[in-house]
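K.L.:
any chance you could fold what I've pasted below:
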Amino acid sequence: MGKSKNLNHNHQKISTSSNDEVMKIVKVLILVLILFGFIYFLTMILTGEFKFGGNKKTPNEVKIQYTEILGGEIFNMKEDSYYVILYDYSKDDANLFATIISQYNKKENATKLYQVNMASPLNQRYVDLENSNLYIDHASKLKVKDASLLKIENGKVTSAVEGKDKIKEALQ
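P.N.:
This next block holds a predicted model:
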């Protein structure tokens with residue numbers, strides 16, 4: 001009989017010990033959640049997403065541009081006749097091209113002008129520093145050595161000029 005009392009006593013110690021472990025785990029989880037919550041709100045306050053006093057952050061207006069396209073899309077535009085200007089946005093003369101394009105777009109009844117950034121990694125396959133191939137009927141054949149302007153009519157390049165001076169002259 002003495003053995004049965006001893007077994008019950010050991011069983012109670014194990015049960016109490018496992019309850020203590022569960023409580024420790026629950027406490028640790030609660031502390032971790034509180035810590036993450038604190039860090040989250042601190043981050044919101046520091047980034048300006050949450051402001052005291054009820055000032056709501058006004059969302060920025062989203063402006064979608066439809067003039068910049070990829071080199072592979074030069075024949076996919078909806079107009080029957082349009083221009084495509086291809087130049088490197090990262091070069092020094094990029095501001096000059098932006099000015100030329102802006103002035104051209106101010107003209108009344110100007111033919112639609114699309115732009116291709118030749119500095120984009122998606123357009124690098126069309127850059128060829130030795131040879132140009134501008135009179136094409138499919139985008140995969142396009143090779144551009146310098147800034148270029150293509151006039152596309154009914155799915156074919158009907159005229160092409162290369163170099164900033166010729167582009168400026170063509171768009172005036």
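K.L.:
from here on, just use CA atoms for contacts and neighbour counts.
P.N.:
Will do.
K.L.:
can you check the pLDDT for the residue nearest the centre of the chain?
P.N.:
Geometric centre of the chain, nearest residue: S120, 11.8 Å, by Cα atoms, centre = their mean. Looking at S120, its pLDDT reads 92.
K.L.:
which residues sit in contact with it?
P.N.:
For S120, no contacting residues are found, by Cα atoms under 8 Å, 6 or more residues apart in numbering.
K.L.:
quick one, phi/psi of it?
P.N.:
phi -70, psi 140 (degrees, to the nearest 10).
K.L.:
ok, now how distant is it from I100?
P.N.:
Plainly put, S120 is 21 Å away from I100 if you go by Cα to Cα, to the nearest Å.
K.L.:
how about A139?
P.N.:
On the measure of Cα to Cα, A139 and I100 end up 25 Å apart.
K.L.:
how is this structure partitioned into domains?
P.N.:
1-59, 68-171 (automatic domain parsing).
K.L.:
out of these, which gets the lowest mean score?
P.N.:
Minimum mean pLDDT among the domains of the chain: domain 1-59, a mean of 74.
K.L.:
quick one: the strands in this structure, in order.
P.N.:
Counting by DSSP state E, the segments of the chain that form strands are 68-69, 81-87, 113-117, 148-153, 156-162.
K.L.:
helices of this structure, start to end?
P.N.:
2-47, 94-105, 164-171 (DSSP state H).
K.L.:
which stretch among the ones you listed approaches Q124 most closely?
P.N.:
helix 94-105 (17.0 Å; Cα to Cα).
K.L.:
tell me the angle of that closest one relative to strand 113-117?
P.N.:
Angle, helix 94-105 to strand 113-117, by axes from the mean of the first three to the mean of the last three Cα atoms, to 10 degrees: 170 degrees.
K.L.:
got a list of what Y83 touches?
P.N.:
Here Y83 is in contact with 111-114, 149-152 (criterion: Cα under 8 Å, 6+ apart).
K.L.:
hang on, N123 packs against L70?
P.N.:
Yes - the criterion here is Cα atoms under 8 Å, and N123 meets it with L70 at 6.5 Å.
K.L.:
shared neighbours of these two, which are they?
P.N.:
Common neighbours of N123 and L70 (Cα under 8 Å, 6+ apart) are 116-117.
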